[in-house]
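[1] fold the following, please.
(chains A and B)
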Amino acid sequence: MRAKILESERKIFDGEITKIVIPAAEGEMCLLPHHAPIITIMKAGAIRVFRTTSERPLTVDVTGGLFSFRRNNAVCILKTLDFPE
Amino acid sequence: MANLKELRNKIGTIQSIRKVTSAMKLVAGVKLKKAELRVNTSREYAEALADALSGLRREFLETSYPLLEERKRINTHLLLVLACDRGLCGNFNHLVCSQTAEIVAKLHGQKRRVHLLCVGARPFELLKHFLREDDSIELVRDFFRGDQLLSNSRRLAKRAIADFESGKVDAVSIVYTKFYTVIRHDVQIQDLIPAQLSSKPDRAIAIFEPNEGEILSEAVPHSIASRIYQCVCESVASEQSMRMTSMDNATRNAEDLLSDLTLKYNRLRQYKITQELAEVVSGAESVSKG
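    The predicted model follows:
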């Protein structure tokens, strides 16, 4: 399956993966290939991307965002820090 | 005939102008590279967001959400106009303004009041004259200062959303210059609020966490902001590419002028030398005869 991690100003990750763990709104969620389609909000936490089963995961700290998974495509749309409140 | 000193001064002036324009061309080229990268990432981001949201279509939603709701009567239409603060970029500002003026006329035809929010001092100056008495215009100051495009775009989005939610305006659109290539861009209008979810809905999505309403209230303002940011990036890239081409033209013009003037200068100098020689020779001849 494929994963993309996008920020407004840069692309953090784009490539083939075997597993992804995201900080979903209702707790951490692990997605494997052929997961059912899903959209969820991410809260602050870490995304862990496993490119191969043996390798250590790539970790990306996030403040929040949106996650969608469809047709074996995982897309993490991150919020950036400097949102003026 | 112009004298030598005048010509020399003219050549000097044009040489320094050529230096300035070619430097500006280089600077615009570098900025364009940066802006192009930004256009690509912001496009991808906005598209990914729109794509993620395409699973949520109004027909399938159980909850209503104010930013998606089309109002029955539109009294005031907010137009965000993206151009720039500076000149020397060909007809970039003019194209945006003439297109905006047409849109404003169309909105007047639909009996809507127009509120213009101008990014960039140029459209602010130019568009004042196209408005009616009950319209209003406002300038977003210092938008391009300090390279804070992302946070400034978000501030703009917040402002537009707040105006819509408070009922000050009933619809929001944005006028910007879409960037295709260095020589191709055109002015477009895009509706921002009420937000459009994708035109091709995807029914495949089954799971929403925590629920549709919360995803909407999180993602829709975010998608409006990211769309504004994308438009800003496109507009900046178009501006820089237009500045680059117009400065390139200016440099080439200066070179043409320079070669013309140098030719003239040399001819005049040669003419003067020949004349003086003739005078000396004829003087010497008359002395030797006498």
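[2] just confirm B:P221 is within a helix.
    Yes - assignment of B:P221 by DSSP: H, G, I helix; E, B strand; the rest coil places it within a helix.
[3] with adjacent residues omitted, what lies nearest to it?
    Spatial nearest neighbour of B:P221, excluding adjacent residues (C-beta to C-beta, 6 or more residues apart in numbering or on different chains): B:I161 at 5.7 Å. C-beta coordinates here come from the backbone N, C-alpha and C atoms, glycine included.
[4] now do the contacts for the one you found.
    B:67, B:193, B:221, B:224 (C-beta atoms under 8 Å, 6 or more residues apart in numbering or on different chains).
[5] how is the last one assigned, secondary-structure-wise?
    When states are read from three-state DSSP, the local structure at B:I224 comes out as helix.
[6] spatially nearest residue to it (excluding sequence neighbours)?
    B:A157 (5.1 Å).
[7] I'd guessed that neighbour sits against B:S223; true?
    No - distance between B:A157 and B:S223: 9.5 Å, which falls outside the contact criterion (C-beta atoms under 8 Å).
[8] how about the strands of the stretch 1-150 of chain B, start to end?
    B:76-82, B:113-119, B:136-140 (DSSP state E, counting those that start in this stretch).
[9] quick one, which of those is nearest to chain A?
    Set against chain A and scored by C-beta to the nearest C-beta, the strands of the stretch 1-150 of chain B come closest in strand B:136-140, at 14.2 Å.
[10] so the closest one versus strand B:76-82, what angle?
    With axes from the mean of the first three to the mean of the last three C-alpha atoms, to 10 degrees defining the directions, strand B:136-140 sits at 30 degrees from strand B:76-82.
[11] and strand B:136-140, which residues are buried?
    By 16 or more other C-beta atoms under 10 Å in any protein chain shown, the buried positions in strand B:136-140 come out as B:137, B:139-140.
[12] and A:A44, how many neighbours does it have?
    Neighbours of A:A44 under the rule other C-beta atoms under 10 Å in any protein chain shown: 11.
[13] which non-adjacent residue is nearest it?
    Closest to A:A44 by C-beta to C-beta, 6+ apart is A:T63, at 5.1 Å.
[14] hmm, back to that, helix/strand/coil for the residue nearest to B:I224?
    Assigned state for B:A157: helix (three-state reduction, three-state DSSP).
[15] quick one: contacts for it?
    B:221, B:224-225, B:228.
[16] what distance do you get for whichever residue of the stretch 1-150 of chain B sits closest to chain A to B:Q110?
    Residue of the stretch 1-150 of chain B nearest chain A, by C-beta to the nearest C-beta: B:A52 (3.7 Å). For B:A52, the distance to B:Q110 (C-beta to C-beta, to the nearest Å) stands at 33 Å.
[17] what's the helix or strand for B:Q190?
    Secondary structure assignment for B:Q190, by DSSP states H and E: strand B:184-193.
[18] tell me the strands beside that strand, with direction?
    Strand B:184-193 sits in its sheet next to strand B:171-181 (antiparallel), going by DSSP bridges.
[19] residue 15: neighbour count?
    All of this is about chain A. A:G15 has 11 nearby residues by other C-beta under 10 Å.
[20] try again with chain B
    13.
[21] apart from its chain neighbours, what residue comes closest to it?
    Spatially, and ignoring its direct neighbours in sequence, B:Q15 is nearest to B:L258 (6.7 Å; C-beta to C-beta, 6+ apart).
[22] wait, is that neighbour part of a helix?
    Yes - assigned with three-state DSSP, B:L258 falls within a helix.
[23] pLDDT score for it?
    pLDDT recorded at B:L258 is 96.
[24] can you count the residues close to it?
    For B:L258, the neighbour count with other C-beta under 10 Å is 16.
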